[in-house]
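Asker: Provided below for reference: sequence and predicted model.
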Amino acid sequence: MTYSVSLSPDVYVLLRQRARQSKVSPDALADDALRRYLHQEEPTWRQSFDALLARVQANSEQYSSEEIEADITVAAQEVKELRRARRSAG
């Protein structure tokens, strides 16, 4: 059984180009790409995010919670002041 999926014209152009480069039909390439995507245990972005989070946490161990909180408070205050200045100027 087959099903139809609508693609935007720019995506179809890219699909056709890649299929031509790979010497397969656009249908076969789309089927393979969707199959691979749908069978991933976790999306690649999630793995990248988890790795980034682990690096940040490892680097932040050298700072106490109080130091981190103080930096956040200072940064938030700076943002508030910048927003006030923009509203006053605008």
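Answerer: Received, thanks.

Asker: pull the distance from the helix or strand of the chain with the lowest mean pLDDT to the chain's centre.
Answerer: Lowest on mean pLDDT, DSSP states H and E among the helices and strands of the chain sits helix 44-60, with a mean of 88. Put simply, helix 44-60 sits 13 Å off its chain's centre (Cα atoms, centre = their mean, to the nearest Å).

Asker: what comes into contact with the following helix or strand past it?
Answerer: Scanning forward in sequence from helix 44-60 by DSSP states H and E, the next helix or strand is helix 65-89. Defining contact as Cβ atoms under 8 Å, 6 or more residues apart in numbering, one finds that helix 65-89 is touched by S60. In this view, the C-beta of every residue, glycine as well, is placed from N, C-alpha and C.

Asker: starting at the chain centroid, how far to helix 65-89?
Answerer: Put simply, helix 65-89 sits 27 Å off its chain's centre (Cα atoms, centre = their mean).

Asker: quick one: it to helix 44-60, angle?
Answerer: Angle, helix 65-89 to helix 44-60, by axes from the mean of the first three to the mean of the last three Cα atoms, to 10 degrees: 110 degrees.

Asker: avg pLDDT for helix 65-89?
Answerer: The average pLDDT within helix 65-89 is 93.
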